[in-house]
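# Quick check, what structure comes out for this input:
(chains A and B, ligands or ions: 2)
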Amino acid sequence: MADTATVFRARGLTKVYRMGEVEVHALRGIDLEFRAGELVVLLGPSGSGKSTLLNILGGLDTPTAGEVFYLERNLSAADEEALTLFRRDHVGFVFQFYNLIPSLTARENVAAVTEISRAPMRPEEALALVGLGERLDHFPAQLSGGEQQRVAIARAIAKNPAVLLCDEPTGALDSATGVIVLEALEKVNRELGTLTVLITHNAGIADMADRVIRLSDGHIVEERRNAVKRAARELSW
Amino acid sequence: MTALNLKLLRDLWNMRGQALAIAAVIAGGVATLVMALSTYDSLLGTRDLFYRDYRFAQVFASLKRAPDGLAARLAEIPGVERLETRVVAVVKLEVEGFTDPVTGVLASLPNTGQPLLNTLHLKRGRWLTPYSGDEVIVSDTFADAHGLHPGDRIHAVINGKRKALTLVGVALSPEYVYQIAPGAMFPDFKRYGVLWMGRHALAAAYDMDGAFNSVSLTLAPGANERAVIDRLDGLLARYGGIGAYGRKDQFSNRFLSEELKQLQTTATVFPSIFLGVAAFLLNVVVTRLIATQREQIAILKAFGYRPLAIGWHYLKLVMAVALIGVAGGVALGAWFGHGLAGVYMELYRFPYLDYVLRPGVIAIALAVTGFAAVSGTLLAVGRAMRLPPAEGMRPETPVAYRATLLERLGLQRLLSQPSRMILRHIERRPLKSMLTVFGIACAGGLMMVGNYQRGAIDFMVDVQFRQAAREDLAVTFIEPTSSRALHELAQLPGVRHVEGFRDVSANLRFGQYHYRAALYGIEPEGRLHRSLDSALRPVAVPPDGVVLTDHLANNILRVKPGDLLTVEVLEGNRRVVQVPVLGITKQYLGVSAYLRRDSLNTLLREGDVVTGAYLAHAPEAATALYAKLHERPRVLGMVAHAAAIRSFYDTLGEFVLFFNMVATLLAATIAFGVVYNSARIALSERGRELASLRVLGFTHGEIAYILLGELAVLTLAAIPLGFLVGAGLCGILVVVFESDLYRLPLVLEPYNFALAATVVAVSAVVSGLLVWYRLGRLDLVGVLKTRE
Ligand SMILES: Nc1ncnc2c1ncn2[C@@H]1O[C@H](COP(=O)(O)OP(=O)(O)OP(=O)(O)O)[C@@H](O)[C@H]1O
Ligand SMILES: [Mg+2]
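Residues are numbered from 1 along each chain as shown, chains lettered A, B, ... in the order given. Ligands and ions are numbered 1, 2, ... in the order given. I've put the predicted structure just below:
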């Protein structure tokens, strides 16, 4: 894997939230590199800056200082339009809160993304991948929390993105369903070579990663490479 | 259909109640615009059509008497296209079973065939038979007011001789679209009528054989009206001409033009206010509505939807609502416009109404509404878009609440926990709270605009008839008469007081400004007819100068007390004199110039002469007195004030009522829409919070108190502010509605305030009930499960 291309490269990434007089340092100088086809798990206590990092990588937020590159593209210097196109063409998101559009059914929520993608799957296909082939026409309010999260995952992978960014995708799921979801992510990662970054509180899930990065208080405090990468199917928690 | 368009339709359906309320606000504004402008356009178009089709003359002249032979010479004046002479007589009329004095105008028609100019539109009956002796055609207002039909007989006193007339037809004339007796303030269809009679018969009865006393003509294309009038005046001077005038000064046309100008002002000002307020409210409502969608906007943005696409998505949503409003408003406005034009047709007699709704009017409605909707939407979407999506997707970060002023003052023990929540919420969002208050206040203010005219008119009539012109009866003589006639009048049974007056028409000039008005010579310390100062107190007219109506002095002639006014008398010796302006008198109805009668007599170089008298009489003596006066050959006409006021309320009152009703209805619609929207948006903004409180164990009543308590506080604050807004808007109306005919005073009655407050309060209560019902159905589980 050593010679595969670097997809993300960050140097001195810093994010400071200013709320009146109070400054919150969410990221305090992060250096990292993510390579194509990698499956990276981000671990860390609550408030350590995991979501902030993921949002900056996905072009949803911009750093206060430091640089982040996607391939040759400097995301920290990109304008709104460039970030929009970047997200549209390359990134699939799964949010910590499912963030479905309440007035659209499962299928339509996925379609809302595939309609603006270049080479998407069909929404039904994506939903079948996460085991929701039978719930196509349900509205978010008619789905359980876990089911909503799976719709969110279907929505993220349906566009066949180059990068899949998942913020606690299994947080709300029981372990059996969680495995189905992770298998789907694993499959996309393996078959399409999609760089997948996955935030979790669950150290057990870290076993399916190529690499594990641990954050604490806005710093990277540990970075390790799994010698043995376990299949999602073998995980349980 | 794309997923986004599906979302649009579903969102629309889910917010249908609110969408309808917003549409109602727009419809209220648009309907006002469409109603007013379409009525104006229709009346204007109808007038022009009527004038053209019935060959309304362009220049008119009255004179004492000229031989028929002069007509040919008049027709040769360069610039004259067609000219026609007539005999016109002011007469007293008698209608069986009606004892009040009735003044009539008898105008001659050619002995055979139709007149060249000022053709009649025959509504019922038939034309006169050639050379008929006693046949008349009657104006439809007079016929309708008295229930006269072809075949009926009436009597006229022509030149002191009583003559029986047979009614053969009922007609309309472009010359008498607006029928109002000279000197009267309002139309009175029962006591003033226009009749047409064969030239031969009328001339015989009026001692005008082989002569004429009225000329009308049309101008050749490109002719100079002023030049023609001057030539005409020159030729008619020795025949007692009293100054030819153009259409602009023709009586009916002048009133009609003034009224149309008023209507045009109405059509500009009312819709500007209504539509302006509606647009403002639409803007506020849309901004807040979109703000409740910030999380969804963030998601779309995260997916890579472009700002334009997202803006367009919400624009479509808002435009759909706006279009429903515009469509409803156009339909409603056209319907009201038809109704309003119909009411106007009672006042202005046209043979037909050519109702037009110009596409331009709809375009204005669309443009104004569109602008408000688009700017509100883009503003709100733009604001939501500026948030980084990561932030937008999170529920709004709890804003720093702080203890409210009351609490900081140490009064927290007075407040329950929910009450504190209400106050803190209002204080936390001062701008939003202020916009809500201002929106509701605007709606309340509109209510006052809708119904303030009634009180203003009452006040105007009161000042005019109970303080300035307090006579019961105004009598005019056939010609200037020695003041000894006043003593005879005073001897009549039931007469309590008599004051003579001398009036003469004149052209008033000051610098570049001039105005044709009546000069009134009145008794300096009269008890009946008085001039009022700016505080509405009667003041004596000083000698050797004129006192002018405030509007005439300030806005028309632009003179100040002390200036010298040029007075060109248009009758008799036609003197031109300089007269100092000595004072300004407050007058809401009409404009005139007052002098002391003796001063006017001196100015005209005549003796102690009057042209009429004001009478006060015992009420029970009225009928007998009318009969006595009617018999007197020198008495030309009488105007009874009580009857005039009554007829005013019958005719204009109906119009004002209709307009008020519609404007009030539309204002109430807007008010309800605004209040309901404020409540609904508050609900969608705080639904999650309230549901969480329910989950924590708060009762339905308690969370309703938190939400509706806020609405109540804001509504209560809005009502007095609405009074201010309303008074301000009425103040604007008063200024823009100033005209020669009348100036509305700014008089706001308690009921104006009460109605505005009531409508706002009732809207709030109804909205509160609807929201209460919704709160009862809050989906607690759903709210906790999904994020919106
Ligand atoms: N919009 C914001 N304004 C202010 N502070 C913020 C904002 N977003 C995040 N923070 C702060 O930044 C820090 C990092 O937040 P972040 O959401 O990245 O944490 P996290 O590691 O994802 O936590 P969790 O596991 O609980 O999701 C936290 O202290 C948080 O309070
Ligand atoms: Mg997080």
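# contacts, neighbours, all on C-alpha from now
Fine.
# who touches the most centrally placed residue in chain A in this structure?
Centroid-nearest residue in chain A, with CA atoms, centre = their mean: residue A:165, separated by 1.5 Å. Shown in contact with residue A:165 (CA atoms under 8 Å, 6 or more residues apart in numbering or on different chains): A:54, A:58, A:91-94, A:196-198.
# Give me the distance from whatever helix or strand residue B:283 lives in to the chain's centre.
Under the criterion of DSSP states H and E, residue B:283 resides in helix B:251-291. Distance, stretch centre to chain centre, for helix B:251-291: 13 Å (CA atoms, centre = their mean, to the nearest Å).
# Now do the buried residues in the helix or strand of chain A with the lowest mean pLDDT.
The weakest-scoring helix or strand in chain A, judged by mean pLDDT, DSSP states H and E, is helix A:175-192 (a mean of 82). Along helix A:175-192, these residues count as buried under the neighbour rule (16 or more other CA atoms under 10 Å in any protein chain shown): A:177-186, A:188-189.
# Stretch A:73-82 now?
Buried, per 16+ other CA under 10 Å, within stretch A:73-82: A:75-76.
# For residue 3, give me the pLDDT.
If you meant another chain, say so; for now it's chain A. Residue A:3 carries a pLDDT value of 46.
# wait, I meant chain B there
86.
# That one: what's it in contact with?
Residue B:3 touches A:104, A:108-109, A:111-112, A:115, counting by CA under 8 Å, 6+ apart.
# any idea how far it is from ligand 1?
Relative to ligand 1, residue B:3 is positioned 29 Å away (criterion: CA to the nearest ligand atom, to the nearest Å).
# Show me what the host helix or strand of residue B:316 packs onto, helices and strands only.
Taking DSSP H and E as the definition, one finds residue B:316 inside helix B:307-347. Here helix B:307-347 touches helix B:3-14, helix B:16-53, helix B:294-303, helix B:359-386, helix B:641-695, going by 3 or more CA pairs under 8 Å, 6 or more residues apart in numbering or on different chains; DSSP states H and E.
# For those helices, which has the smallest mean pLDDT value?
Among the helices and strands packed on helix B:307-347, helix B:641-695 scores lowest, with a mean of 79.
# Would you mind getting the angle between that one and helix B:16-53?
160 degrees (axes from the mean of the first three to the mean of the last three CA atoms, to 10 degrees).
# Helix B:641-695: how far from the chain's middle?
20 Å.
# list the contacts for residue 186?
This is for chain A. Residues near residue A:186 by CA under 8 Å, 6+ apart: residue A:232.
# Actually, chain B is the one I wanted.
By CA under 8 Å, 6+ apart, residue B:186 lies in contact with B:180, B:644, B:647-648.
# Of the residues you listed, which is the nearest to residue A:119?
Checking those against residue A:119 with CA to CA, the nearest one is residue B:648 at 77.6 Å.
# What separates the first and last residues of stretch B:465-474, distance-wise?
12 Å (CA to CA, to the nearest Å).
# What ranges does chain A have for its strands?
Listed in chain order, the strands found in chain A under DSSP state E are A:6-19, A:22-35, A:39-43, A:65-70, A:73-74, A:91-94, A:163-167, A:195-199, A:211-216, A:219-225.
# Next one, pLDDT for the residue nearest to residue A:25 when sequence neighbours are not counted please.
Spatial nearest neighbour of residue A:25, chain neighbours left out: residue A:16 (4.5 Å); criterion: CA to CA, 6 or more residues apart in numbering or on different chains. We have a pLDDT of 94 for residue A:16.
# Which residues are in contact with residue A:16?
Residue A:16 neighbours (CA under 8 Å, 6+ apart): A:23-27, A:64.
# Distance check, it against residue A:29.
Distance, residue A:16 to residue A:29, using CA to CA: 11 Å.
# how near is the residue of the stretch 501-650 of chain B found nearest ligand 1 to residue B:200?
Across the stretch 501-650 of chain B, no residue is closer to ligand 1 than residue B:555, which sits at 62.3 Å (CA to the nearest ligand atom). Using CA to CA, residue B:555 is found at 46 Å from residue B:200.
# Kindly report the same for residue B:719.
For residue B:719, the distance to residue B:200 - CA to CA - is 69 Å.
# of these two, who's got more company?
The neighbour count for residue B:719 versus residue B:200, taken as other CA atoms under 10 Å in any protein chain shown, is higher for residue B:719 (25 against 21).
# Could you pull up the contacting residues of that one?
Contacts of residue B:719 (CA under 8 Å, 6+ apart): B:440-441, B:444, B:756-757, B:760.
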